[in-house]
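**Q** structure for the following, please:
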Amino acid sequence: MHAAQYEITLPAEYDMGVIHHRVATRGHLLDDFPGLGLKAYLVRERSAGAPVNQYAPFYLWAAPEGMNAFFWGPGFQGIVDDFGRPRVLHWAGAAYGEGRAADAAPRYAVRRREPIDADVPPGDAVARAVEAHGRLVREDGLVAAAVAVDPSRWELLTFSLWAGPAPGDAGDVFRVLRLSQPGRAALRHGRHWD
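**A** Model (predicted):
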């Protein structure tokens with residue numbers, strides 16, 4: 001499993017209806033994309049109290065070939081053509097699990113990024129994050145959650161999808177406009193890290 005996300009931060013006065021329309025009219029194009037576990041079409045909006053207007057899709061890839069086909073192909077080129085080429089954050093997967101609300105449509109997502117201190121062995125940090133992930137998937141309202149690590153920055157990522165209000169103190173909160181999930185079953189049955 002690989003996780004990826006890019007953030008397109010938009011001006012304060014930007015009409016976020018443009019992003020809503022883009023997702024409504026183009027989001028279905030990834031519903032059958034080979035190698036994609038899931039894509040959460042995420043936004044943060046100043047009108048809803050967020051610090052910025054932002055379009056920030058989040059991907060969990062079940063197969064690297066699918067990720068490569070997307071980022072080097074016409075799918076990502078559409079983003080580049082419309083918004084310029086954003087920096088793509090990328091993490092190697094460590095754990096994925098589904099919660100009690102796995103069959104519900106997610107309304108919110110939470111992304112938490114935290115550095116792995118230089119004096120902490122990376123394996124210990126990842127093991128603790130995976131253990132915390134095991135507790136997270138038992139929380140009411142959780143649809144799904146993943147843990148991943150970026151060894152270029154020694155950063156842990158916890159990403160979670162929620163059917164109802166997301167815990168506000170857990171990280172950056174996004175609203176989910178749509179979820180494409182052609183390979184979600186592959187994420188459930190894939191081996192990540194142990």
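**Q** tell me which element His21 is part of?
**A** helix 17-26 (DSSP states H and E).
**Q** Arg153 and Trp91, how far apart?
**A** 9 Å (CB to CB, to the nearest Å). No exception for glycine: its C-beta is placed from N, CA and C like everyone else's.
**Q** neighbour count winner among those two?
**A** Ranked by neighbour count (other CB atoms under 10 Å), Arg153 and Trp91 place Trp91 first, with 24 against 12.
**Q** wait, the more buried one touches His2, no?
**A** Yes - the pair Trp91 / His2 is scored as a contact, 7.2 Å apart, by CB atoms under 8 Å.
**Q** the helices in this structure, which residues?
**A** Ranges of helices within the chain are 17-26, 64-71, 74-83, 122-136, 184-189, based on DSSP state H.
**Q** counting neighbours, which bits of the lowest-mean-pLDDT helix or strand in the chain end up buried?
**A** Lowest mean confidence among the helices and strands of the chain (mean pLDDT, DSSP states H and E): helix 184-189, at a mean of 88. Neighbour counts over helix 184-189 (16 or more other CB atoms under 10 Å) mark 184, 186-187 as buried.
**Q** try stretch 133-149
**A** Buried-residue list, stretch 133-149, by 16+ other CB under 10 Å: 133, 136-137, 141-149.
**Q** sorry, back to before: and the buried residues of helix 184-189 as JSON lines, adding distance to Asp81?
**A** Formatted as JSON lines, these follow (distance: CB to CB, whole Å):
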{"residue": "Arg184", "distance to Asp81": "29"}
{"residue": "Ala186", "distance to Asp81": "30"}
{"residue": "Leu187", "distance to Asp81": "29"}
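**Q** measure the most centrally placed residue in the chain to Leu177 for me?
**A** Among the residues of the chain, Phe58 comes closest to the average C-alpha position under CA atoms, centre = their mean, at 3.1 Å. Phe58 is 12 Å from Leu177, where distance means CB to CB.
**Q** in the protein, which spans are strands?
**A** 2-6, 8-10, 36-44, 53-55, 58-61, 88-98, 108-115, 142-150, 155-162, 172-180 (DSSP state E).
**Q** low-confidence regions, the chain specifically.
**A** Low-confidence segments of the chain, defined by pLDDT under 70: 168, 190-194.
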